[in-house]
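Engineer: Generate coordinates for the sequence data below:
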Amino acid sequence: MPRYFFHLEECGEFRDDHGMELPDEDTARRHGVAMLGQVLRDDPRALWASDQIRVTATKDDGVVIFTLETTAERG
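Structural biologist: Prediction:
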C-alpha cells in the first residue's frame, strides 16, 4: 500500500515525517479534506491568525498529490 504524507502550514509549518499507508489517492484526498476540517474545528482562530491554512499531500517519493488551501480576508 502506498504511503502518503500530509504537511500542514498554519502559523508555521508541520512536516509529516511518518505518513500513513492508504489504499489510493482518492482515500488520501478524503483524508486531506478531513484533516483540514479538523484543524478548523479544533481552533477556528488559527485561520484568522495566519489568513491561510494549507494541507499538502505527497507520496513517499515526494511527488505532490494535491494541495488544499483555505484563506480568510478581513474586510
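
Engineer: Nearest residue to Trp48 in space, please, no chain neighbours.
Structural biologist: If you skip the residues right next to it in sequence, Trp48 has Ala72 as its closest partner in space, 5.8 Å away by Cβ to Cβ, 6 or more residues apart in numbering. Any C-beta I mention is one placed from the backbone N, CA and C, and that applies to glycine too.

Engineer: backbone phi and psi for the one you found, please?
Structural biologist: Note on Ala72: its backbone torsions stand at phi -130, psi 140 [degrees, to the nearest 10].

Engineer: how many other residues sit next to it?
Structural biologist: Ala72: 13 surrounding residues under other Cβ atoms under 10 Å.

Engineer: Does it touch Arg45 like I think?
Structural biologist: No - with contact defined as Cβ atoms under 8 Å, Ala72 does not count as touching Arg45 (10.5 Å).

Engineer: show me what contacts the residue nearest to Trp48?
Structural biologist: With contact taken as Cβ atoms under 8 Å, 6 or more residues apart in numbering, Ala72 is in contact with 47-48, 51-52.

Engineer: redo that, cut-off 10 Å
Structural biologist: With contacts defined as Cβ atoms under 10 Å, 6 or more residues apart in numbering, the neighbours of Ala72 are 44, 46-53.

Engineer: Which of the residues you listed ranks first by neighbour count?
Structural biologist: The most crowded member of these is Ile53, carrying 21 neighbours; neighbours defined as other Cβ under 10 Å.
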